[in-house]
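Structure of the sequence below:
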Amino acid sequence: MNNTLYFGDNLDILREHIADESVDLIYLDPPFNSKRDYNLLFKTPKGHASDAQITAFEDSWHWGEQAEREFQEILQQTNTDAAEMIQALRRFLRENDMMAYLVMMCNRLLELHRVLKATGSLYLHCDPTASHYLKIVMDAAFGIQNFRNEIIWQRTIAKALTSRQLPNNHDVLFCYQKTDSAKWHADEMFQPYDLSDLDEKTASKYTHRDPDGRLYRLDNLINPNPNRPNLTYEFLGVTKVWRWTRERMQEAYDAGLVIQTKPGTVPQLKRYLDEQRGRPLGDVWTDIPPINSQAAERLGYPTQKPLALLERIIAASSNAGDVVLDPFCGCGTAIHAAQKLGRQWIGIDLTPLAIHLIEQRMHDAFPDLKFYVEGIPRDLDGARDLAARDKYHFQWWACALVGAQPYQGKKKGADGGIDGIIYFQDDKGPAKKIIVSVKGGEKVNRAMVADLKNSVERAQAQLGLFVTLAPPTKPMQTEAVSAGFYQSPHSGAFEKIQILTIADLLNGKTARYPDLTRGGANFKRAPVEKQGGAQKELL
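Predicted coordinates for the structure are as follows:
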């Protein structure tokens, strides 16, 4: 199903939901095995930044039962080149973290090859940590003959030398096409001329300048074929065999594009530099900067890539209406760019937090867009299943239900029992705070509500939300009521401790609190986009 976000392991999603040869373009920016945890920073009022950090994902892999199982799967599939290569890598690397990472990637690349159309391309974004091994794996999965480019994207300018090596300031993008019939729009691969820094060859051609500063050169208008009587005529006192008809020549002259430098000379055409395609791009891209701290598109996701980078890839290797797949969609830059350029899309991610961020991003950027989300709980059975499988993913999902930011990563902070934070504004003073506590167990009790009351006091928050999968008991409700009310300066009184069940939230019930910003103090918003292509009817 196109225009869909899937929550889950991309290997399972690919096998269960994505048909053979159904995708036109794949972009993937998988974790690089850099052995770092990436913190996600949400938009927060000044002074509260430390409350709003969460580990978005752990970029590390370890050899274990799952790696061994996926290794055996590779040996049993039909691509014998991939099976031979992964065995050779294991003999060389042994059973370590890098080998676990390569097994994970190999299995998924084989599935991506299956779902890619014969006219499709795949771009894999990586860094020097594992790029040399990944290229070998991709050669086996896609065929050495289908490798097209190793693109170097310069992220930053090197600022200083390190003690033992040059600074690492680039990423690598491997481009493979499934067959020689893959789509390729070369016209998209031109870099606009920088008028302040023209190369010597271009500057030597464009030596003229209009009064408004536009650079141009003079081009020949004489037809190379002298045997064209229908194009032979006198123009500005000169008779030649011209490239154009008299009518077209006159129109260009009236528009100021045909000039005669002096009477009797052959008229020439003005070609403006700013109307040319630009400088052809090579495989080293230095013209797309990373997302800086002040960029409007910056959402705070740790490995967020610039929209311009994805727009270039999508424009070059797909057509309007094509399907773009990102199996590690993170904060959704690839699907954002796909939608902006009039493509259909499929995004997959393993964390409900990422799915929630992408949902919000797409609704912000494309307010009228309708799309599907699969795998996120939509009923109590789904919620119970998620809580049983992963308590932290359940907590992040439950926080998203009430519009809260997850609190301090996967481990509890000093203020035990705090799972989420909501900031709200009900006057012109500093932003105020709501503490969220999530319980995914089958049993809850009064003491848990009392703990939330204490957490609200310690955190100097104004309200607390107790989000529970199990129904609350009467003593819990009594404990919540005993906390009293928060009196808003302009909006009246609100229960200081509110109990919300997952069932209530799934049925549309929301927390009660005043907020003049309508959630604007909590999450960074993507600017509204103007789409560049027509939206196809959704399935």
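
Walk me through the domains of this protein.
Following automatic domain parsing, one finds the domains of the chain at 4-54+115-189+286-374, 200-275, 380-506.

Now the helix or strand containing residue 5 - C-alpha only, PDB.
Assigned by DSSP states H and E, residue 5 falls within strand 4-7. These are the backbone C-alpha positions of strand 4-7, laid out as PDB (Å, rounded to 0.1, in the frame of the first residue of the first chain):
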ATOM      1  CA  THR A   4       2.000   4.400   4.100                       C
ATOM      2  CA  LEU A   5       4.100   4.400   7.200                       C
ATOM      3  CA  TYR A   6       4.900   1.000   8.700                       C
ATOM      4  CA  PHE A   7       6.000   0.400  12.300                       C
END
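
following it, which helix or strand shows up next?
Immediately after strand 4-7, counting by DSSP H and E, sits helix 10-17.

Let me know the distance separating residue 226 from residue 266.
15 Å (Cβ to Cβ, to the nearest Å). (Each C-beta comes from the backbone N, C-alpha and C, glycine too.)

Do a quick rundown of the strands in the stretch 1-150 of the chain.
4-7, 23-28, 36-41, 53-59, 116-126, 147-154 (DSSP state E, counting those that start in this stretch).

count of residues packed around residue 293?
6 (other Cβ atoms under 10 Å).

Determine which residue lies closest to the centroid of this protein.
residue 333 (1.9 Å; Cα atoms, centre = their mean).

Give me the phi and psi angles of it.
Here is the backbone geometry of residue 333 (degrees, to the nearest 10): phi -60, psi -40.

what do you get for residue 421?
On the backbone of residue 421 - angles per degrees, to the nearest 10 - the values are phi -130, psi 140.

How about the contacts made by residue 1?
17, 346, 372, 374, 539 (Cβ atoms under 8 Å, 6 or more residues apart in numbering).

Spell out which helix or strand contains the nearest residue to residue 166 once chain neighbours are set aside, please.
Nearest non-adjacent residue to residue 166, counting by Cβ to Cβ, 6 or more residues apart in numbering: residue 158, 7.1 Å away. Taking DSSP H and E as the definition, one finds residue 158 inside no helix or strand.

Okay, residue 158 and residue 129: tell me how far apart.
Noted for residue 158: a distance of 18 Å to residue 129, by Cβ to Cβ.

more crowded one of those two?
A side-by-side neighbour count of residue 158 and residue 129, using other Cβ under 10 Å, places residue 129 first with 17 against 12.

List phi and psi for that one.
phi -60, psi -40.

Ok, residue 252 next?
phi -70, psi -40.

Surely it and residue 268 touch.
No - Residue 252 is not in contact with residue 268 according to Cβ atoms under 8 Å; the separation is 10.9 Å.

what residues are shared contacts of those two?
residue 258.

low-scoring stretches of the stretch 251-400 of the chain, by residue?
Applying pLDDT under 70 to the stretch 251-400 of the chain picks out residues 300-302.

ok, the closest residue to residue 174 other than its chain neighbours to residue 131 distance?
Leaving aside its sequence neighbours, residue 174 sits nearest to residue 124 (Cβ to Cβ, 6+ apart; 4.7 Å). Distance check for residue 124 against residue 131: by Cβ to Cβ, it reads 9 Å.

Provide a list of residues in contact with the residue nearest to residue 166.
The contact partners of residue 158, by Cβ under 8 Å, 6+ apart, come to 166, 167, 169.
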